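1. structure for the following, please:
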Amino acid sequence: MVLKERGYRQVSLPIALIERIEKYLDNHKEEGFTSIPEFIRQAIREKVRRAATKKP
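-> Below you'll find the predicted structure:
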């Protein structure tokens, strides 16, 4: 698989979630996201960072 060779994997998201993200980005242009994938990557990074700093 080409994506895996380049260090990427694919994930599937529900269309309803993608539509919610599109609407959010349309209404919050000041945040500077230029694409849905950019927004999703940032959201995942933040979630992983918060999870890593949580006390058990």
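
2. C-alpha from now on. contacts and neighbour counts both.
-> Noted.

3. quick one: the most centrally placed residue in the chain from K55, how far?
-> The chain has I40 as the residue nearest its centroid, 0.8 Å off, counting by Cα atoms, centre = their mean. Relative to K55, I40 is positioned 25 Å away (Cα to Cα, to the nearest Å).

4. could you do V48 as well?
-> Distance, V48 to K55, by Cα to Cα: 13 Å.

5. higher neighbour count, the two?
-> Ranked by neighbour count (other Cα atoms under 10 Å), V48 and K55 place V48 first, with 11 against 5.

6. tell me the pLDDT of that one.
-> pLDDT for V48: 95.

7. likewise for P37?
-> We have a pLDDT of 96 for P37.

8. buried ones in the lengthiest helix in the chain?
-> Assignment by DSSP state H gives helix 36-53 as the longest helix of the chain. Neighbour counts over helix 36-53 (16 or more other Cα atoms under 10 Å) mark F39 as buried.

9. for it, packing partners?
-> Secondary-structure packing of helix 36-53 (3 or more Cα pairs under 8 Å, 6 or more residues apart in numbering; DSSP states H and E): helix 15-27.

10. same for the helix it packs on, what does it pack against?
-> Packing partners of helix 15-27 (3+ Cα pairs under 8 Å, 6+ apart): helix 36-53.

11. now the helix it packs on against helix 15-27, angle please.
-> Helix 36-53 runs at 100 degrees relative to helix 15-27, counting by axes from the mean of the first three to the mean of the last three Cα atoms, to 10 degrees.

12. how far does helix 36-53 sit from its chain's centre?
-> Taking the mean of its C-alpha atoms, helix 36-53 sits 7 Å from the chain's own mean (Cα atoms, centre = their mean, to the nearest Å).
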